[in-house]
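1. Let's see this in three dimensions:
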Amino acid sequence: MRRRTVLAAVAALAAGSGCSRMVVEDPVEVRVRRASEAAVENADTHCPLSAPFVEVHPALERVLSSATTAPDGEWVVTDVDRETGEALAADLRKRCRQVDAIYHYEDDEYRVRVETGDGGAGNRNGSGSSETIRRGRPQERT
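-> The predicted model follows:
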């Protein structure tokens, strides 16, 4: 009986802290940063991102907009639901088959990553391990 009480309390605490939302929704991270000059010069593949393409993906539009003013080397990140993240990753793969591409949008160059959180990435460009990551406020990340 005591075990059930403890488990119920842990479940209530997890639900209250938002853990159930994270487990159920399984969010995906959309990351963008401006590409360095060296990355642009050394990239094998360059892919354009048109305004209509970006407008279809509001999460990408938000992080691209924020990345224009972010410090060099800083990732701008937003969380999206799995369906939205997978759709964006698929559309990016259709647009540019090379995963380590430089994306061109509005006269600037970017790295774009869509990370599923399960160790895989829909479009892995560069490593986020040592870069600073800037997130919007939680209400802006929905």
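
2. In the protein, what residue spans correspond to strands?
-> Using DSSP state E, the strands of the chain run over 28-34, 46-48, 75-80, 102-105, 108-115, 133-135.

3. Export those strands as JSON lines, with columns for mean pLDDT.
-> Shown next, in JSON lines, are these (pLDDT from 0 to 100):
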{"stretch": "strand 28-34", "mean pLDDT": "95"}
{"stretch": "strand 46-48", "mean pLDDT": "95"}
{"stretch": "strand 75-80", "mean pLDDT": "95"}
{"stretch": "strand 102-105", "mean pLDDT": "96"}
{"stretch": "strand 108-115", "mean pLDDT": "94"}
{"stretch": "strand 133-135", "mean pLDDT": "55"}
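
4. Comparing those, which comes out most buried?
-> Ranked by mean neighbour count, these are led by strand 28-34 with a mean of 25 (mean count of other C-beta atoms under 10 Å). No exception for glycine: its C-beta is placed from N, CA and C like everyone else's.

5. Can you show me the CA trace of that strand as PDB?
-> This file holds the C-alpha atoms of strand 28-34, laid out as PDB (Å, rounded to 0.1, in the frame of the first residue of the first chain):
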ATOM      1  CA  VAL A  28      11.800  18.100 -31.400                       C
ATOM      2  CA  GLU A  29      14.300  20.900 -31.400                       C
ATOM      3  CA  VAL A  30      14.700  23.200 -34.400                       C
ATOM      4  CA  ARG A  31      18.200  24.900 -34.200                       C
ATOM      5  CA  VAL A  32      19.600  27.600 -36.500                       C
ATOM      6  CA  ARG A  33      22.800  29.600 -36.400                       C
ATOM      7  CA  ARG A  34      24.600  31.900 -38.800                       C
END
